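1. what's the 3D shape of this:
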Amino acid sequence: MGCEFRYVNELPVGYRFRPNDDELMEYYLGNKVLDKPVPGKGVKTIDADEFYKDPPHIIVKKYNPLSEIGEREWYFFVRHVKKTANKQQEGKKEEIVDDENKRVLLEQKKENQENNAITVLLEQNEKNQEKEEIVDDENKRVLLEQIKKNQENNATVLLEQNEKNQEKEEIVDNENKRVLLEQNKKDQETKATVLLEGSKKNQENNKATVLLQGSKKNQENKATVSLEGSKTSQENKATFLLDGSKKNQENKATIDEENKNVRRVGDRIGYWKSTGIKEYIINGDNNKVFAFKIHFTFYKGIGKITPWTMDEYHFLKSPNQENQRMDEWVLIKIMRGKDYNKCC
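-> Predicted structure coming up:
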């Protein structure tokens, strides 16, 4: 093997590293995955974070200082560190906990809204009762004053009438007049007292009955409207949240699918984009598919296409293969188009 490496390193000027897909997978990526020596120095090793930090022309120049001398293809072993199964399970558990917390929060909000509606109704009822008591007291006071004035006016009228009668009835002596006046006065006071008490009781009973009936109806109507409004609001909120959750899940699935076909480069420098179509590679010895590659194009900024492209090589995994290095390592071939301009 050492002789082969020395032979490759001693090739004359003008030699080009041009392995086909089958050779790249079997002798280069295959040896890298199995931690065996890789032929020659044509493939550079780099971590994924470093590879996707800069645009392709910077990566090529950084790892291949002589890249400007007629070359248009460059090869890299890129190492991807994926999440472990435990971390993925923890992520799923966190999502379940988040969903449960959201459900509990919605139930708590619903309960709080119902309690708040009842509290508001009770407070409003107390305020209405206080206002009604104040109005009743004021009405009673006005009513008593009016009755008092009426009694005084009636007494005045009766006295005047009695005086006129006394002047006309000269035959009646002074003692009879005095007795008559006293008797009339007592009768008037008794009648006034009876009328006042009866009127007061009737007015109080009628007023209280009307006010209580009106208050009960108002309270029942307010409670019905408030509870129906609260239920409708809660149903609308729940529907809105469910619709929003479904839309978020659909958008997330779409974004995840798009992210599988996009490799971001640096901070808004650009991105590699693929159609997601896999081109399968056949082993030349047994004519079986054992690997695949995905073709990417580099876009500068937010979407300016460039002449830079790349092929990303992967092994196909069978169920009985447990080599984690197959997931960690990919082989990438960067290609520069004929209309290359150094600015991109």
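
2. Return the mean pLDDT over the helix or strand harbouring residue 146, rounded to an integer.
-> Secondary structure from DSSP states H and E places residue 146 in helix 85-168. Average pLDDT, helix 85-168: 77.

3. So which elements touch it?
-> Where contact means 3 or more C-beta pairs under 8 Å, 6 or more residues apart in numbering; DSSP states H and E, helix 85-168 is packed against helix 174-260. Backbone N, C-alpha and C define where each C-beta goes, glycine included.

4. Going C-terminal from the helix it packs on, what's the next secondary structure element?
-> strand 262-265.

5. Check which residues of that following strand are buried.
-> 263, 265 (16 or more other C-beta atoms under 10 Å).

6. That one pairs with which strands?
-> The partner list of strand 262-265 in its sheet, established with DSSP bridges, is strand 270-282 (antiparallel).

7. can you give me the mean pLDDT across the partner strand?
-> Strand 270-282 comes out with an average pLDDT of 92.

8. tell me the mean pLDDT over the next helix or strand after that strand?
-> As assigned by DSSP H and E, the chain's next helix or strand after strand 270-282 is strand 289-300. The average of the pLDDT scores along strand 289-300 is 95.

9. Just the C-alphas of strand 289-300, formatted as PDB.
-> C-alpha atoms of strand 289-300 as PDB (Å, rounded to 0.1, in the frame of the first residue of the first chain):
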ATOM      1  CA  VAL A 289     -26.800  -0.600  -5.600                       C
ATOM      2  CA  PHE A 290     -24.800   0.300  -2.500                       C
ATOM      3  CA  ALA A 291     -24.600   4.100  -2.400                       C
ATOM      4  CA  PHE A 292     -26.200   7.300  -3.700                       C
ATOM      5  CA  LYS A 293     -25.400  10.900  -4.400                       C
ATOM      6  CA  ILE A 294     -27.500  14.100  -4.200                       C
ATOM      7  CA  HIS A 295     -26.700  17.100  -6.500                       C
ATOM      8  CA  PHE A 296     -26.700  20.700  -5.000                       C
ATOM      9  CA  THR A 297     -26.400  24.200  -6.500                       C
ATOM     10  CA  PHE A 298     -24.900  27.100  -4.600                       C
ATOM     11  CA  TYR A 299     -27.100  30.300  -4.300                       C
ATOM     12  CA  LYS A 300     -25.500  33.500  -3.200                       C
END
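
10. Give me the distance from it to the chain's centre.
-> The chain centre lies 37 Å from the centre of strand 289-300; the measure is C-alpha atoms, centre = their mean, to the nearest Å.

11. Could you do stretch 193-206 as well?
-> 64 Å.

12. Enumerate the positions of that stretch that are buried.
-> Neighbour-count burial for stretch 193-206 [16+ other C-beta under 10 Å]: residue 196.

13. ok, now which ones touch the nearest residue to residue 312 once chain neighbours are set aside?
-> Take residue 312 and drop its neighbours on the chain: the residue closest to it by C-beta to C-beta, 6 or more residues apart in numbering is residue 294, 4.8 Å away. When contacts are counted by C-beta atoms under 8 Å, 6 or more residues apart in numbering, residue 294 touches 274, 276-279, 311-312, 314.

14. which among these gets closest to residue 60?
-> Among these, residue 311 lies closest to residue 60 (C-beta to C-beta), at 14.8 Å.

15. mean confidence score for the helix or strand in which that closest one is found?
-> If you go by DSSP H and E, residue 311 is part of strand 304-315. Averaged across strand 304-315, pLDDT comes to 94.

16. Taking strand 270-282 as reference, get the angle to it.
-> 40 degrees (axes from the mean of the first three to the mean of the last three C-alpha atoms, to 10 degrees).

17. For strand 304-315, list every residue counted as buried.
-> So, applying 16+ other C-beta under 10 Å, buried residues of strand 304-315: 306-315.

18. before we move on, what about stretch 24-37?
-> 24-26, 28-30, 32-33.

19. cool, stretch 38-57 as well?
-> For stretch 38-57, by 16+ other C-beta under 10 Å, it's 38-39, 42-44, 46, 51-52, 54-57.

20. Wasn't residue 338 part of a helix?
-> No - with DSSP: H, G, I helix; E, B strand; the rest coil as the criterion, residue 338 is located in coil rather than a helix.

21. Report the contact partners of it.
-> Residue 338 neighbours (C-beta under 8 Å, 6+ apart): residue 307.

22. Residue 231 now?
-> So residue 231 contacts nothing (C-beta under 8 Å, 6+ apart).

23. ok, it to residue 114 distance?
-> Look at residue 231 and residue 114: by C-beta to C-beta, to the nearest Å, they are 9 Å apart.

24. before we move on, the earlier item: sort out for me which of the buried residues of stretch 38-57 are in helices.
-> Residues of the buried residues of stretch 38-57 located in helices (DSSP state H): 51, 56-57.
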